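Engineer: Starting from these lines, generate the structure:
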Amino acid sequence: MELAFIPSPSRGVLNLGPIPLRGYAFCIIIGVFVAVWLGNKRWIARGGRPGTVADIAVWAVPFGLIGGRLYHVITDYQLYFSEGRDWVDAFKIWEGGLGIWGAIAFGALGAWIGARRRGIPLPAWADAVAPGIALAQAIGRWGNWFNQELYGKATDLPWAVEITSSADGRVPGTYHPTFLYESLWCIGVALLVIWADRRFTLGHGRAFALYVAAYCAGRFWIEYMRVDDAHHILGLRLNNWTALVVFLLAVVYMVLSARKRPGREAVVEPDAESADGGAKGDADADADAKDVDAADADAATSGGTEPDEHDEKHEKHVKDGADSAKKG
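Structural biologist: Below is the predicted model:
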């Protein structure tokens with residue numbers, strides 16, 4: 001008998017009148033806001049302009065959602081296209097099913113488009129938002145809790161999650177809460193990236209690469225615990241192989257990037273530098289103008305009678321000269 005466990009919600013949707021508020025979608029939305037908020041603070045700290053992160057996120061987020069859904073549908077096609085399944089369900093993203101690998105890949109494509117439109121380097125933007133993305137994943141994983149999905153092997157540990165649904169082949173019981181493990185891991189990844197970025201002054205995409213490598217390391221062992229259906233290659237789940245390959249690519253990028261382009265970008269948003277320079281120049285011009293006006297005011301106040309006195313002396317000198325000429 002289990003003494004304690006994490007109960008699953010009785011339902012994953014809350015109806016606010018005619019509007020259904022789904023826990024899965026709510027977690028994703030909150031995660032996006034957190035990522036943009038933190039990314040904006042880090043971008044400004046590096047010399048960027050407020051709002052740039054959000055402007056590029058407008059491109060990255062939709063692309064990421066599409067890519068995440070495509071990866072899930074392609075790698076788990078049997079859930080939508082096998083006998084007895086309805087292919088229309090492949091479009092029901094609110095019911096769960098986003099592959100982080102596709103989300104990051106397509107999200108990066110969207111971010112690249114947005115960055116080109118703003119004329120800024122994508123690696124610098126990626127470094128700024130990396131910890132926020134990790135926190136977004138940490139929040140988004142709780143959507144799996146609302147949907148009672150992606151849990152691990154059966155266990156009687158005090159922090160086991162209770163599964164009550166029997167839909168889609170689920171067996172009610174208590175299991176390893178892999179959603180919770182990944183959520184906590186992602187929080188640790190965010191803190192690691194923030195610390196390493198301050199300690200080593202990471203630049204040119206290396207903070208983002210560190211996030212990717214650290215996430216993959218955790219995803220490998222968490223994925224190994226899951227019991228949901230998945231394709232296997234040489235005894236390992238497909239996502240294990242993906243995590244391993246992406247981890248190696250991220251590490252290689254960090255090493256090569258550090259050798260080729262050490263340090264951090266001096267300027268991340270040229271427009272911000274121009275705007276600051278223009279504002280400074282206008283301020284200096286205003287200050288000069290004020291100084292001139294002040295000098296004129298001082299001259300008019302303190303020496304306002306001097307021109308008149310000078311003119312009187314000059315006229316007297318001329319008159320004396322004229323009188324002397326007549327006498328001569």
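Engineer: show me what contacts R170?
Structural biologist: Q148, I163 (C-beta atoms under 8 Å, 6 or more residues apart in numbering). To be clear about C-beta, it is placed using only N, CA and C from the backbone, and glycine gets the same treatment.
Engineer: Quick check: the gap between it and L79.
Structural biologist: 14 Å (C-beta to C-beta, to the nearest Å).
Engineer: wait, isn't E269 in contact with G48?
Structural biologist: Yes: when contacts are counted by C-beta atoms under 8 Å, E269 is listed as touching G48 (4.4 Å).
Engineer: got a list of what R226 touches?
Structural biologist: L150, Y151, G152, T178, R237.
Engineer: Count the residues that sit near W112.
Structural biologist: For W112, the count of nearby residues is 17 (other C-beta atoms under 10 Å).
Engineer: tell me the contacts of it?
Structural biologist: Applying C-beta under 8 Å, 6+ apart to W112 gives the contacts L122.
Engineer: same question for the host helix or strand of it, mean pLDDT?
Structural biologist: Assessed by DSSP states H and E, W112 sits inside helix 100-118. In this model, helix 100-118 has a mean pLDDT of 93.
Engineer: Show me what the very next helix or strand once past that helix is packed up against.
Structural biologist: Counting by DSSP H and E, the next helix or strand C-terminal to helix 100-118 is helix 122-140. Judged by 3 or more C-beta pairs under 8 Å, 6 or more residues apart in numbering; DSSP states H and E, helix 122-140 is in contact with helix 23-45, helix 52-75, helix 100-118, helix 178-200, helix 206-225.
Engineer: Any stretches of the stretch 201-328 of the chain with poor pLDDT?
Structural biologist: By pLDDT under 70, the weakly predicted segments of the stretch 201-328 of the chain are 272-328.
Engineer: For A108, give me its contacts.
Structural biologist: A60, L122, A126.
Engineer: Pull up the gap between it and L135, please.
Structural biologist: From A108 to L135 the distance is 18 Å (C-beta to C-beta).
Engineer: What of N147?
Structural biologist: Distance, N147 to L135, using C-beta to C-beta: 20 Å.
Engineer: Ok, I222 next?
Structural biologist: Taking C-beta to C-beta, one finds I222 at 17 Å from L135.
Engineer: Find the nearest non-adjacent residue to the most centrally placed residue in the chain, please.
Structural biologist: Closest to where the C-alpha atoms of the chain average out (C-alpha atoms, centre = their mean) is V129, at 2.9 Å. Closest residue in space to V129, ignoring its immediate chain neighbours: G39 at 3.6 Å, by C-beta to C-beta, 6 or more residues apart in numbering.
Engineer: Tell me how many other residues crowd the one you found.
Structural biologist: With other C-beta under 10 Å as criterion, G39 counts 27.
Engineer: Local confidence estimate at it?
Structural biologist: 97.
Engineer: Return stretch 247-266 as PDB; C-alpha atoms alone will do.
Structural biologist: Output in PDB follows, covering the C-alpha atoms of stretch 247-266 (Å, rounded to 0.1, in the frame of the first residue of the first chain):
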ATOM      1  CA  PHE A 247      24.700  16.200 -27.200                       C
ATOM      2  CA  LEU A 248      27.900  15.400 -29.200                       C
ATOM      3  CA  LEU A 249      27.100  18.100 -31.700                       C
ATOM      4  CA  ALA A 250      26.600  20.700 -29.000                       C
ATOM      5  CA  VAL A 251      29.900  19.800 -27.300                       C
ATOM      6  CA  VAL A 252      31.800  19.900 -30.600                       C
ATOM      7  CA  TYR A 253      30.300  23.300 -31.400                       C
ATOM      8  CA  MET A 254      31.400  24.700 -28.000                       C
ATOM      9  CA  VAL A 255      34.900  23.500 -28.500                       C
ATOM     10  CA  LEU A 256      35.300  24.700 -32.100                       C
ATOM     11  CA  SER A 257      33.500  28.000 -31.400                       C
ATOM     12  CA  ALA A 258      35.800  28.800 -28.400                       C
ATOM     13  CA  ARG A 259      38.900  28.200 -30.500                       C
ATOM     14  CA  LYS A 260      37.600  30.200 -33.600                       C
ATOM     15  CA  ARG A 261      35.800  33.000 -31.800                       C
ATOM     16  CA  PRO A 262      36.800  33.400 -28.200                       C
ATOM     17  CA  GLY A 263      35.100  35.800 -25.900                       C
ATOM     18  CA  ARG A 264      31.700  37.400 -26.300                       C
ATOM     19  CA  GLU A 265      30.200  39.800 -28.900                       C
ATOM     20  CA  ALA A 266      31.000  43.400 -28.100                       C
END
